[in-house]
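J.: this is the structure alone, sequence omitted:
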Ligand code: PEP
């Protein structure tokens, strides 16, 4: 069975004290209330990673991740954070290509492919984001946009490397807007992404890739989304900032 992964991306929210209080509460609620098999990933700002990782060391299915990393290994890149630094702080996962990075920091697929490589070289597991804008969906370009993001960001990897990737389908129009893609809309794109991976690698490989949905996931809509055959978890923004809502989304993944 594919890994189910619920990840909470805090974006640029929570100072250290508030962040640690959230992790302490949520990790204990998940330990006490959740008996499924999903992996839970807390994705705080970089500077909290070490403290959060230490806090989660006692929880076998709970991990930390970073929100981004440099495409360079090391060197004179003031303000950047390398994959090796992220690993040294105890994190296991890294979001690559979040739509906010693509939109506000002009990150493009070729650059993201380099970031994927530096993560894998440093034994970090990328969560690679893709998704269309509202205009792209309304003009029916969404399949084309998503196919380019997947091919250009990932298809340089060999068959064993691609197995380390989690894909997150995040329609830009659903992120932070309160509008969720319907389960049918999300399932259609997830099946499309799995089909792309199957044609480029093999159906067996595609079947093992975790594909998360992201975009206004809440406790109220999580169970329905998770019941779809190709939706293997969620990448959560706003609802990950409170222990109760984050835990309730984790609990909706019953597998
Ligand atoms: C996100 O930031 O990846 C996200 C999906 O945010 P939200 O859940 O707030 O829409």
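T.: Received, thanks. Nothing here was measured: the structure is a model prediction, and the numbers come from that model.
J.: near the ligand, which residues of the stretch 101-250 of the chain show up?
T.: 170, 175, 176, 214, 215, 216, 217, 235, 236, 237, 238, 239 (CB under 6 Å from any ligand atom). The C-beta positions use only the backbone N, C-alpha and C, and glycine is treated the same way.
J.: among these, who's most crowded?
T.: residue 217 (30 neighbours; other CB atoms under 10 Å).
J.: could you report the pLDDT at residue 178?
T.: Listed pLDDT for residue 178 reads 85.
J.: returning to what we had before: and the residues of the stretch 101-250 of the chain next to the ligand as JSON lines, adding secondary structure?
T.: As requested, these are exported to JSON lines (DSSP: H, G, I helix; E, B strand; the rest coil):
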{"residue": "170", "secondary structure": "coil"}
{"residue": "175", "secondary structure": "coil"}
{"residue": "176", "secondary structure": "coil"}
{"residue": "214", "secondary structure": "strand"}
{"residue": "215", "secondary structure": "coil"}
{"residue": "216", "secondary structure": "coil"}
{"residue": "217", "secondary structure": "coil"}
{"residue": "235", "secondary structure": "strand"}
{"residue": "236", "secondary structure": "strand"}
{"residue": "237", "secondary structure": "coil"}
{"residue": "238", "secondary structure": "helix"}
{"residue": "239", "secondary structure": "helix"}
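J.: wait, which of these is closest to residue 56?
T.: When those are ranked by distance to residue 56 (CB to CB), residue 236 comes first, at 16.8 Å.
J.: what is the nearest of the residues of the stretch 101-250 of the chain next to the ligand to residue 252?
T.: Using CB to CB, these come closest to residue 252 at residue 217, 9.1 Å.
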